[in-house]
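Undergrad: Okay, structure incoming, though there's no sequence with it:
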């Protein structure tokens, strides 16, 4: 008999490769086991450890166009004209309209009627301000007759998302060399033949002014073969800055998030959000780490910075937006603070040089948690959120033990640990690798496994079963089975489900876990890293098989683990059982990683009665099955009802499946 135990621990690891012969032997064991009915006993009258109520959350960073071109709802790309001209123009429309010239300003081009003429270029003279909007786009209209126009067009992030009966909030700063105008703002087809929404603003004066207008579509067919155009019908020069076009957002938040993606995240029932990264926290260099202070306040005061994934971040998704994202989905923030290391190898360990970054971390925590009597709590209130946010965990740095390198973490970690612990003694502090100088409350483990076999290998899947319980707790801050491109296939989803059963069974040690990367824009040029959890284009989105596994587990969290015993060979099947104190249900999570049906007699021991009716949710399909824009639920859970449940009953688990059974047992 094999008894499921609940012990654990962790080591950072990039990948595990299982020899072919070992995996073949594993499949042979599975085949033999599935030839007969096996036995699985759940002892409902012997509750075990409590399951961490914060076990499943989200990890996020700017990669794969996760924010700009993704969750952040802004549709204008390069809205402050700072993208480098030499950079590849990722995400633009494939073609241009008649008379439209090529542009050295990424994602912007001149639009002109036949016979009208104009030119455009970036300009740094007389900016809106010198902190963030130092660059403007100058349009010189040199010839335009009655009924003609000259303007500038933005191709968005692979187009502008046009949907029926939708209102868009447009805004921009503008000035002219006299009184040029009025200006027309359109969402239109790439060839200019179809206008989906339009609005006008009055004549533009010689002083910078912010203009706002609402553009509304009618009963149109959804399309992304579109562009946003601002044009005039009179000669003169016009300068533009901070051009924005926002569709409706989740909870109608100004400067908010894409509705469909937020709804998908809500479907995972996450309990926390780890932000802002990841490599995005560190940045490629000191000039481009996530400097939270320049991401707060009005957009016109946010200069933006370069993401480490080869494109520019607008910082429209700033610190407060992360916190409001948590608020909208009823998650708790898990704040990662910059800790003196950047990806180009800059390592700040000298105490005096490190101190400004330590203070910046303390100030950031104050912005999150401080009341309005504090400097940064007052600033947060001025930014629109008077109430402090709840904060339990702070992570110091990111991946400081990558590839066995400590990167001066033994010197950097204590400086942050001591200062934060002194001012905020209740906070739980997370180290990104093992560290001797101080004892963290939690250590962050990262696992990217190249194949499902690697995830299911005994050395990986049972890592936490064997770990000691006398050290820090564990946060599995990044993990994924990386089969499937751009998103996980069913084979990976089942391996991920097996890994989740093992994290649940070790929930006395593993307190938090978050898959990564969370998002990928599936348009050409949108991905820098496969395999990813949620895919989308300009109009639509879908969850991968691994997403659905996470949604199933997140929606069926028990309160207390229940002991389980089986006669199956080890690792033939992965499972966990729990009691839900709110509903009284017994929840069984059964993962069958083999390629055959597994017949199992379930023995619900210790229950006085078991209702005949039980709910069943199953994720299964061909190993290489994937979801995509055209078929977003090719692989998705199916719900049904078991009608013959009892204290002892037999159930057949499909090949390559993750199943959740909820029993009414007393």
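TA: Yep, that arrived. Since the model is a prediction, treat every value here as computed from it, not as a measurement.
Undergrad: Roughly how far does residue 438 sit from residue 396?
TA: 10 Å (Cβ to Cβ, to the nearest Å). Every C-beta, even on glycine, is put in place using the N, C-alpha and C of the backbone.
Undergrad: These two: who's more crowded?
TA: Taking other Cβ atoms under 10 Å, residue 438 and residue 396 do not tie; residue 396 has more neighbours (28 against 16).
Undergrad: Contact partners for the residue lying closest to residue 374 once chain neighbours are set aside?
TA: Computed as Cβ to Cβ, 6 or more residues apart in numbering, the closest residue to residue 374 that is not its neighbour in sequence is residue 366, at 5.3 Å. Contact analysis of residue 366 by Cβ atoms under 8 Å, 6 or more residues apart in numbering lists 374, 375, 376, 377.
Undergrad: Need the buried ones from those selected in ChimeraX.
TA: This is the ChimeraX syntax for the buried subset of the contacts of residue 366, where burial follows 16 or more other Cβ atoms under 10 Å:
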select :374,376,377
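Undergrad: May I ask which two of the contacts of residue 366 are separated the most?
TA: Farthest-apart pair in those is 375 and 377; separation 7.3 Å (Cβ to Cβ).
Undergrad: Could I get the full set of helices for this structure?
TA: In chain order, the chain shows helices spanning 20-33, 259-266, 279-282, 319-328, 351-369, 375-382, 409-423, 452-456, 458-461, 490-505, 545-555, with DSSP state H as the criterion.
Undergrad: Poorly predicted segments of the chain, please.
TA: The model of the chain has pLDDT under 70 over residues 1-35, 86-103, 403-404.
Undergrad: care to break it down by domain?
TA: Domain ranges of the chain: 2-28+38-51+560-664, 58-73+254-440, 108-246, per automatic domain parsing.
Undergrad: wait, which of these is closest to residue 467?
TA: domain 2-28+38-51+560-664 (1.5 Å).
Undergrad: quick one: which of the domains of the chain is nearest residue 493?
TA: domain 2-28+38-51+560-664 (6.5 Å).
Undergrad: now that closest one, how far from the centre of its chain.
TA: Relative to its parent chain, domain 2-28+38-51+560-664 has a centroid offset of 27 Å by Cα atoms, centre = their mean, to the nearest Å.
Undergrad: Stretch 365-376 now?
TA: On Cα atoms, centre = their mean, the centre of stretch 365-376 falls 26 Å from that of its chain.
Undergrad: same deal with stretch 256-273?
TA: 9 Å.
Undergrad: about what we covered before: tell me which of the helices of the chain sits most buried.
TA: Per residue and on average, the most neighbours among these fall to helix 490-505, with a mean of 27 (mean count of other Cβ atoms under 10 Å).
Undergrad: Would you mind getting the angle between it and helix 545-555?
TA: In terms of direction (axes from the mean of the first three to the mean of the last three Cα atoms, to 10 degrees), helix 490-505 departs from helix 545-555 by 30 degrees.
Undergrad: Can I get the helices of the chain in TSV including distance to residue 175?
TA: Formatted as TSV, these follow (distance: least, Cβ to Cβ, whole Å):
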stretch	distance to residue 175
helix 20-33	66
helix 259-266	34
helix 279-282	34
helix 319-328	29
helix 351-369	34
helix 375-382	28
helix 409-423	45
helix 452-456	57
helix 458-461	60
helix 490-505	53
helix 545-555	46
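Undergrad: Of all those helices, which one is nearest residue 575?
TA: It's helix 490-505; of the helices of the chain, that one is closest to residue 575 (Cβ to Cβ) at 6.0 Å.
Undergrad: and of the domains of the chain, who's closest to residue 516?
TA: With Cβ to Cβ as the measure, domain 58-73+254-440 is the member of these nearest residue 516 (4.5 Å).
Undergrad: First-to-last residue distance for that closest one?
TA: 21 Å (Cα to Cα, to the nearest Å).
Undergrad: how distant is it from the center of its chain?
TA: 14 Å.
Undergrad: For residue 379, see how far away residue 321 is.
TA: 15 Å.
Undergrad: doesn't residue 513 make contact with residue 479?
TA: Yes - if you go by Cβ atoms under 8 Å, residue 479 and residue 513 touch, sitting 6.8 Å apart.
Undergrad: and the residue nearest to residue 624 when sequence neighbours are not counted, how many neighbours does it have?
TA: Excluding its sequence neighbours, the residue lying closest to residue 624 (Cβ to Cβ, 6+ apart) is residue 489, at 5.3 Å. If you count neighbours by other Cβ under 10 Å, residue 489 ends up with 24.
Undergrad: Now do the contacts for residue 38.
TA: With Cβ under 8 Å, 6+ apart, residue 38 has these contacts: 566, 567, 568, 572, 573, 598, 599, 600, 601.
Undergrad: Then residue 136?
TA: So residue 136 contacts 81, 122, 123, 124, 126, 127, 128, 173, 239, 240, 241 (Cβ under 8 Å, 6+ apart).
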